[in-house]
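1. dropping the sequence and predicted coords here.
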Amino acid sequence: MLGDYVWMKPEKKGQFDVAIGAQVVKIAADKLSVVDDEGKWQSVALSRILKVMNSTSIEGMDDMISLGELDEASILRNLFIRYKNKLIYTYTGSILVAVNPYQCLPIYTAERIKLYQDRNLGELPPHIFAIADNCYTHMRRDGQDQCIVISGESGAGKTENTKLTLQYLAAISGRHSQIEQQVLAANPILEAFGNAKTIRNDNSSRFGKYTEIHFNPDGAIVGAQIKQYLLEKSRIVSQANEERSFHIFYSLLDGLDAGDKQRLDLVDASSYKYLTEGSTAKYDGRDDRPNFSDIRSAMKELVFSDSEISDILKVLAVILHMGNIEMEAHTIDHLDATQIPNMTHVERIGKLVDLEPAAIVKGITTKTIIIQNEPTVSNLAYRDAVDVRDALAKGIYARLFVWIVGKINSAIIQPEAGSCSLIGLLDIFGFENFDHNSFEQLCINFANETLHQFFFHHIFKLEQEEYDAEGIEWNHIDFVDNQDCLDLIGKKPMNIMSLMDEECMMPKGTDQTLLAKFNTAYSKDKSYLKPTRHKTNSFGIAHFAGEVYYDVQGFCEKNCDTFSISLIQLIELSGNKFLRNLFQADIIRISQNNKRSPSISVQFRTSLESLMKTLSLCQPFFVRCIKPNEQKKSMLFVRGLCCRQLKYLGMMETARIRQAGYPIRHAFQEFVGRYWCLSGLIPPSKNEDKHERARQICENVLGSSGDYQLGTCKVFLKIAGDLHLEQERNRILRNVAIVQRHIRRWCQRRRAAAIVIKRFLLAAVRHGRFRAWRSFFLIRFRKLRRQLILFQKLWRTYLANKSVNKEDLGEQNLQNFPEIPQSERTEEIEGTMETPVRVDEGVRLRDKPKGAAGECRKSCPPAVAEAEARKGGMAAKQKKPSKFRNLIRWKSMEGKTPNAQSAALRGWEAANNGCQPWTTSNAELPEGELAPELTKDSKRKSVFLRENGLPTMEKAPREETMITTALIRQKLRRT
């Protein structure tokens, strides 16, 4: 259908040509118009269309195990699609595939480090930080040493990924101490002295490096150790076209100031033979001047003293001057000899290392042979003298590099820190196949063969063996084993390296006799390739990454790599203590019966076996680096080159076995101890059947998903199953933590409240305020009680008011009210009504009065009330007036005429039998006693008599100036 993605057959049928993806844009009768993955428009026949592409292969997947089509074409296209989208990392289970972008990407920031911290593999997009964090998490969780093996061809990005891993581990360790800065500071020094520009890589590691990072029980970095393997010393004296020597020489010449250069007799790089063999002293992408400043700062960080730095610079200058020593061939007594016509550089070397120039010439142009314990000196031919000069330069630099690594280790190793576990980072040279391959390439490729077998052994062999032992059902996968190649190079008794050692010990052993022995011994070995018509001086080996031919020229010399006695004696004569210390082991060896040092091949095999033993004790993580093109261009993906690397790295078989297998496994005891919370709140007992408990956990969480199998001793999990178990465990632990947090907070608050109360009470008692607070609360209680009682009484007053016969009360009072003249009555009424009346409280009347005198009891004295009662035929009954009643404050009548005031006063006195309006009801007054005399005794009374002799009522107290509201209203209305 139009728009579908399909697989097409490749145009060529080469070894690394696979199907290519394309999208259908037009359909004809017998042809299809398509656009392939490289953007090319093609009109293809229907016979070239293989099948419709699976949906998982269209957009690409983070994990190639999830691909519906798991073959070479789908794996290659998945990497291609992601690379075009600048997604350079892809998973294959727990293995990370990294494609070199050849450009800087903003994916290594501090925010990314925090993002990937404490995350399970697969939660976030693939990244080198995810592998580093998973390695760190497994180390802390399981207490087992971990290692990260970063492999790939030269230029694939192994060194950069190693530095990023170190950066991440230093960032998340938590302590941020000096040791972490020192571990990071070692990188620029090792890169300067051990890396160089090659045709394939501008910063190629020319040595193997295994870095161990040591951690304490809290997960903080407490130390580190660096082990180096097989430095490419031959690069000191010769380089291929468009290549350079080690970075340090160019940084030295560009970074030194004029004074230091004059002291060392140095000029620019183009003046030195050892730096111009490759015709590339400068190249884009590297500035040597600031790099030299970084190197010196890193040396200071790693406790290099000023004298040591000065001695290192002297040794580097000696090597450069040594390459400029010019020699000529001549004859002495009819024997070949060598002479040095220009002594300029010899004198400069002598000045730097405190040696006589004549001694230097003798050490280079002659050799000393021990015959019957007697030294015999003979001249060297021109070619041999040049080799001795180059051997001296290579030997000095190699021992300087070893000393620098030891100095770095002395600064970063902390044996007293008590580290509990470590993470190892292996950054070793990738597989190499150049136009001219020599002894160094043989050793490098042997190391890669060994690491490749380790990868196969871990991924394939151990998987199959353990599945068979545990009774796990799975589909067996066949893979290509490289054991035959390893046996040929260095494993079986009569291997290539053993024959080299044997030939080097022979007095007349040469490179040609060595090649003849190879052809005879391995003629029937399928991994050995005999010389061809075009390569008569070479032999070939069928490596896992392809066939490689090695030129035997210089094999014996490079394998021996022993200083002659003359050179050792020359170094021993030097007045430079630093130079003598570099050769201390050789000087001791010569002084002890002239024992021969082990060959380079023996040293390399011994160190490689030690490395593989260390790796076998660790849980490995693998990072497989891919070089997308040979031109080092960004966003250029060469399909054939990448397909070859994928095949040689074993990624095709890896994807299939990871998809079919169970990469995560736990012993029953360990599994139940970690995940018991997923099957209930009761922890496992010692005598409980762990197999049955593990089965319950898997059934409860994973069900019948097929992400697990139970063996005889272990639980086998797929990546998805392990991730699901971890997520469920983290969820339960978070819930438990929430409950614990609330309980602890409640307990803490209660404890804090008790402390505060106790402190307050103690302070209150101490300062005598306890009783004050007690009185305060009692006062509030009593006030509230009075208010409630008042409300109760007011309500009862309201009910009583409704039952009062107001008309009868008014008529009774009118009978006793005197007649007021009309003129005075009007003024009185007007004055009374204009005066504002304030009712402070409701009226509470007594029960219905009995007799005629009941209506005026509230306003009349007791004597008047008794007379009225007798008049009405009732017995006088003394009652204490109510304490609460309706109050009307009688305002002052100031401002009114004296006649009106006196008329109002006389009216009240006549109506109430002499009872004044301000008469109190709280106490009984003797008959005839006036209220003003009572108010004199109380300070709260107002002054009632003024200068005019009239009574006033300014702000009179309530209970002493009360009259019945209803009575006043009735009288005023009647009036």
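-> Okay, I see it. Residues are numbered from 1 along each chain as shown.
2. how does this structure divide into domains?
-> 5-53, 439-443+480-561+597-612, 664-794, 814-974 (automatic domain parsing).
3. tell me the helix or strand right after the lengthiest helix in the chain.
-> Looking across the chain with DSSP state H, the single longest helix is helix 719-766. Next helix or strand after helix 719-766 toward the C-terminus (DSSP states H and E): helix 770-802.
4. pull out the buried residues from that next one.
-> K793, T797, N801 (16 or more other C-beta atoms under 10 Å). Any C-beta I mention is one placed from the backbone N, CA and C, and that applies to glycine too.
5. same for that helix, what does it pack against?
-> helix 719-766 (3 or more C-beta pairs under 8 Å, 6 or more residues apart in numbering; DSSP states H and E).
6. rewinding a little: okay, the angle between the longest helix of the chain and helix 770-802?
-> Orientation check (axes from the mean of the first three to the mean of the last three C-alpha atoms, to 10 degrees): helix 719-766 against helix 770-802 gives 90 degrees.
7. starting at the chain centroid, how far to helix 719-766?
-> 26 Å (C-alpha atoms, centre = their mean, to the nearest Å).
8. still on that earlier bit, lowest mean pLDDT across the domains of the chain, which one is that?
-> Ranked by mean pLDDT, these end with domain 814-974 at the bottom, a mean of 44.
9. so where's the stretch 201-350 of the chain uncertain?
-> Residue ranges of the stretch 201-350 of the chain with pLDDT under 70: 284-285.
10. hey, where'd the helices end up in it?
-> Taking DSSP state H, counting those that start in this stretch, the helices of the stretch 201-350 of the chain run over residues 247-255, 258-264, 288-301, 306-323, 344-353.
11. out of those, which gets nearest to I541?
-> helix 247-255 (30.8 Å; C-beta to C-beta).
12. which other residues reach the closest one?
-> By C-beta atoms under 8 Å, 6 or more residues apart in numbering, the surrounding residues in contact with helix 247-255 are 191-193, 195-197, 203, 244, 261, 266-269, 272, 274-275, 281-282, 286, 288-293, 295-296, 313, 316-317, 319-320.
13. for the stretch 1-150 of the chain, what spans make up the helices?
-> 56-59, 72-84, 110-116, 128-142.
14. so can I have CSV of the ones you listed showing distance to G122?
-> Shown next, in CSV, are the helices of the stretch 1-150 of the chain (distance: least, C-beta to C-beta, whole Å):
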stretch, distance to G122
helix 56-59, 16
helix 72-84, 16
helix 110-116, 12
helix 128-142, 8
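15. would you mind giving these as TSV with mean neighbour count added?
-> Output for these, formatted as TSV (neighbours: other C-beta atoms under 10 Å):
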stretch	mean neighbour count
helix 56-59	16
helix 72-84	22
helix 110-116	14
helix 128-142	21
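16. out of these, nearest to P620?
-> helix 128-142 (9.3 Å).
17. re the thing from before, deepest-packed of the helices of the stretch 201-350 of the chain, please.
-> Among those, ranked by average contacts under mean count of other C-beta atoms under 10 Å, first place goes to helix 247-255 (a mean of 23).
18. relative to helix 288-301, how tilted is it?
-> Using the same axes, to 10 degrees: helix 247-255 against helix 288-301 is 110 degrees.
19. just want the angle from helix 247-255 to helix 306-323.
-> Using the same axes, to 10 degrees: helix 247-255 against helix 306-323 is 100 degrees.
20. gap between helix 247-255 and the chain center?
-> That offset, for helix 247-255, works out to 36 Å (C-alpha atoms, centre = their mean).
21. pretty sure A337 contacts V377?
-> No: if you go by C-beta atoms under 8 Å, A337 and V377 don't touch, sitting 11.8 Å apart.
22. which other helices and strands does the helix or strand harbouring R589 contact?
-> Assigned by DSSP H and E, R589 belongs to helix 584-591. Contact partners of helix 584-591 among helices and strands, from 3+ C-beta pairs under 8 Å, 6+ apart: helix 565-572.
23. list the buried residues in the helix it packs on.
-> Neighbour count says helix 565-572 has I565, S566, L567, I568, Q569, L570, I571 buried, by 16+ other C-beta under 10 Å.
24. lowest-confidence entry in these?
-> Across these, the smallest pLDDT goes to I565, namely 76.
25. from R665, how far off is it?
-> 58 Å (C-beta to C-beta, to the nearest Å).
26. repeat for G68
-> 26 Å.
27. more neighbours, the two?
-> Counting neighbours by other C-beta atoms under 10 Å for G68 and for R665 shows that R665 has the greater number, 21 against 11.
28. confirm the more buried one sits in a helix?
-> No: going by DSSP: H, G, I helix; E, B strand; the rest coil, the assignment for R665 is strand, not a helix.
29. quick one: end-to-end distance for stretch 296-306.
-> From its first residue to its last, stretch 296-306 covers 10 Å (C-alpha to C-alpha, to the nearest Å).
30. can you say which of the helices of the stretch 201-350 of the chain is nearest to R112?
-> Using C-beta to C-beta, the helices of the stretch 201-350 of the chain put helix 288-301 closest to R112, at 23.6 Å.
31. need the contact partners of the closest one.
-> 181-182, 185-189, 192, 247-248, 250-256, 309.
32. and with 10 Å instead?
-> Contacts with helix 288-301, where a contact means C-beta atoms under 10 Å, 6 or more residues apart in numbering, come from 178, 181-182, 184-193, 247-256, 269, 281-282, 304-306, 308-309, 312-313, 404, 407-408, 411.
33. that one: how far from the chain's middle?
-> For helix 288-301, the distance to the chain centre is 28 Å (C-alpha atoms, centre = their mean).
34. please apply the same query to stretch 346-366.
-> 56 Å.
35. with just CA atoms, put it into CSV.
-> The C-alpha coordinates for stretch 346-366 follow below in CSV (Å, rounded to 0.1, in the frame of the first residue of the first chain):
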residue,chain,number,x,y,z
VAL,A,346,74.9,15.2,21.9
GLU,A,347,76.2,18.2,23.9
ARG,A,348,72.7,19.4,24.7
ILE,A,349,71.7,15.9,25.9
GLY,A,350,74.8,15.8,28.1
LYS,A,351,74.0,19.2,29.6
LEU,A,352,70.4,18.1,30.5
VAL,A,353,71.3,14.7,32.1
ASP,A,354,74.8,15.6,33.4
LEU,A,355,76.7,13.3,31.1
GLU,A,356,79.9,13.6,29.1
PRO,A,357,79.3,13.8,25.4
ALA,A,358,82.0,11.2,24.7
ALA,A,359,80.2,8.7,27.0
ILE,A,360,76.9,9.3,25.0
VAL,A,361,78.7,8.6,21.7
LYS,A,362,80.3,5.4,23.0
GLY,A,363,77.0,4.1,24.4
ILE,A,364,75.2,4.7,21.0
THR,A,365,77.9,3.5,18.6
THR,A,366,79.3,0.5,20.4
